[in-house]
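Novice: need a structure here:
(2 chains)
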Amino acid sequence: MNSVEFTLLVGLFGALAGFLGALTGLGGGVVITPVLTLLFGVDIRYAVGATLVSVIATSSGAASAFLKEGFSNIRIGMFLEIATTFGAVTGAALATRIPTSALAVILGVVLLYSAILSTRPKPELHEASPGDPLARRLRLNSTCPTPHGWRPYAVERVRTGFALMFGAGALSGMLGIGSGALKVLAMDHAMRIPFKVSTSTSNFMIGVTAAASAGVYLHRGYIDPVLAMPVMLGVSLGSLLGARHLSGAETRKLRIIFGAVVAILAAEMIYSGLTGRI
Amino acid sequence: MIERGEEQVDRILSIMLRTGVLIAASVVFAAGIWYLSRFGGQHPNYQAFHGEPEGLRGLTGICKGVAALDPRSLIQFGLLLLIATPIARVAFSVVAFAVQRDKIYVALTAVVLLVLIWSLTGMGYAPR
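Specialist: Residues are numbered from 1 along each chain as shown, chains lettered A, B, ... in the order given. Okay, here's the model as predicted:
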């Protein structure tokens, strides 16, 4: 396979991953690393570098669209970004020290977890609560649009959320993924932030988290321009198209199919890691 | 206390992110076509990890490569623009919070900005 063929094929897979990732809310980044390593035989370090770059593109694009809808909470985002950026730099530094087989296993486990999480029903608004006093001091409480007008919400368990975000950032830096599923989990479950605010604020944060680890990857020589080019362009184009077809009955069917694909790739990553083939 | 009225900041951030990604993607696309038109017949091999050459790892090296009309460096420069997009967004947030006289958030955002700059410029990174 020469460079032109390789680029077109990787770009095509990237577009498909981005399209399905946007439709299902899992993000295109989660499958592209396993696809590159398992299907194309790319070393996991190059794959992680290329994926991370594509994550910045898709999350920034999505964040741009979400910001216009008024769901993103910039204060929550900025506050938690302290945790995720420090986590990301730590994770990226760790990634260069642990064996690639261990990276493959961890990625597989995170993928499997994200796939399971995506099948769960999405809770809407949490019951009203006074919130964490720290959230008041940091002015994290805000309002979000609902079908019945703007509704206030309060943020709970700020410290727990902050700690979880450090973990999400570390995984993102270690594996080159956005770890959006974990970010949403921390905000939705621990901090009781409305689901739509959680997802759009998470998208807003992913680009910054990824940029923090991208610097480390760049200086370690993990980011290959010729590989990253089709991945980044393909995934971005795919996500853009996917985001435009966000409703409909087929989406549910696709969600199940894509979830199954992610689960199979995850199992394969874990198996390859454990048998030392990666 | 509930307040909205930050729509303008949201709008500017939204435009910044979209423009950054668009410019970066265009540079990467154009440079990619240029690269493939010259070296498309080569056979890529990513199975063994060697790490990128020194010239593609740092800001100065990449800029030198662009000046020397190296297509790979130009793709990498486009990727740098992409990485810079969220960083520019954080830098703008520092200013936006300063305008609102929100001292806590100016400090919090500035910390994030410093970590990002530290990471991207490779300060604290010692080559092996």
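Novice: Please give the centre-to-centre distance between stretch B:22-37 and its chain.
Specialist: On the basis of CA atoms, centre = their mean, to the nearest Å, stretch B:22-37 is displaced by 15 Å from the centre of the chain it belongs to.
Novice: Over to stretch B:101-110?
Specialist: The answer for stretch B:101-110 is 23 Å, by CA atoms, centre = their mean.
Novice: cool, and stretch A:217-229?
Specialist: That offset, for stretch A:217-229, works out to 19 Å (CA atoms, centre = their mean).
Novice: Straight-line length of it, end to end?
Specialist: Start-to-end span of stretch A:217-229 (CA to CA, to the nearest Å) is 16 Å.
Novice: Return the residues in contact with residue A:12.
Specialist: residue A:234 (CB atoms under 8 Å, 6 or more residues apart in numbering or on different chains). For glycine as for every other residue, the C-beta is placed from the backbone atoms N, C-alpha and C.
Novice: so where does the spatially closest residue to residue A:95 that is not a sequence neighbour fall, helix or strand?
Specialist: Ranked by CB to CB, 6 or more residues apart in numbering or on different chains and with sequence neighbours excluded, the top spatial neighbour of residue A:95 is residue A:174, at 4.6 Å. For residue A:174, the host element (DSSP states H and E) is helix A:158-175.
Novice: tell me the helices in chain B, going along the chain?
Specialist: B:7-39, B:59-67, B:71-99, B:103-121 (DSSP state H).
Novice: Turn those helices into JSON lines, columns for distance to chain A, mean neighbour count and mean pLDDT.
Specialist: Listed next are the helices of chain B as JSON lines, based on distance: least, CB to the nearest CB, whole Å; neighbours: other CB atoms under 10 Å in any protein chain shown; pLDDT from 0 to 100:
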{"stretch": "helix B:7-39", "distance to chain A": "4", "mean neighbour count": "18", "mean pLDDT": "93"}
{"stretch": "helix B:59-67", "distance to chain A": "9", "mean neighbour count": "16", "mean pLDDT": "94"}
{"stretch": "helix B:71-99", "distance to chain A": "4", "mean neighbour count": "22", "mean pLDDT": "95"}
{"stretch": "helix B:103-121", "distance to chain A": "3", "mean neighbour count": "19", "mean pLDDT": "95"}
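Novice: how about residue A:143, secondary structure?
Specialist: Three-state assignment for residue A:143 (DSSP: H, G, I helix; E, B strand; the rest coil): strand.
Novice: re the thing from before, share the number of residues neighbouring the residue nearest to residue A:95, please.
Specialist: Using other CB atoms under 10 Å in any protein chain shown, residue A:174 has 26 neighbouring residues.
Novice: Roughly how far does the closest residue to residue A:153 other than its chain neighbours sit from chain B?
Specialist: Residue nearest to residue A:153 in three dimensions, not counting chain neighbours: residue A:194, with 5.4 Å by CB to CB, 6+ apart. From residue A:194 across to chain B, the span is 14 Å (CB to the nearest CB, to the nearest Å).
Novice: Could you check the pLDDT of residue A:194?
Specialist: We have a pLDDT of 88 for residue A:194.
Novice: Number of residues surrounding it?
Specialist: Considering only other CB under 10 Å, residue A:194 is surrounded by 23 other residues.
Novice: and if you look at the one 4 residues further on?
Specialist: Residue crowding around residue A:198 was assessed by other CB under 10 Å; the count is 24.
Novice: I'd guess it is in a helix, am I close?
Specialist: Yes. Counting by three-state DSSP, residue A:198 is part of a helix.
Novice: these two touch, right, it and residue A:187?
Specialist: Yes. Residue A:198 is in contact with residue A:187 according to CB atoms under 8 Å; the separation is 3.9 Å.
Novice: between these two, what contacts are shared?
Specialist: With CB under 8 Å, 6+ apart, residue A:198 and residue A:187 have no common neighbours.
Novice: So is the helix or strand following the helix holding residue A:174 next to chain B?
Specialist: Next along the chain after helix A:158-175, taking DSSP H and E as the criterion, comes helix A:180-185. No. If you take CB under 8 Å from any CB of the partner chain as the test, helix A:180-185 misses chain B, and the best it gets is 14.5 Å.
Novice: Could you list every helix and strand in contact with helix A:180-185?
Specialist: helix A:100-119, helix A:158-175, helix A:195-220 (3 or more CB pairs under 8 Å, 6 or more residues apart in numbering or on different chains; DSSP states H and E).
Novice: how about 6 Å then?
Specialist: Helices and strands touching helix A:180-185, by 3 or more CB pairs under 6 Å, 6 or more residues apart in numbering or on different chains; DSSP states H and E, are helix A:195-220.
Novice: The helix it packs on to helix B:71-99, inter-axis angle?
Specialist: 130 degrees (axes from the mean of the first three to the mean of the last three CA atoms, to 10 degrees).
Novice: Okay, angle between helix A:195-220 and helix B:7-39 too, please.
Specialist: 40 degrees.
Novice: how far does whichever helix or strand comes after helix A:195-220 sit from the chain's center?
Specialist: Going down the chain from helix A:195-220, the next helix or strand is helix A:225-243, by DSSP H and E. Centroid separation for helix A:225-243 versus its chain: 15 Å, with CA atoms, centre = their mean.
Novice: Just the buried positions in the helix or strand that helix A:225-243 is followed by, please.
Specialist: Following helix A:225-243 in sequence order, the next helix or strand is helix A:249-274 (DSSP H and E). For helix A:249-274, a neighbour-count test (16 or more other CB atoms under 10 Å in any protein chain shown) marks A:254-255, A:258-259, A:261-263, A:265-266, A:268-270, A:272-273 as buried.
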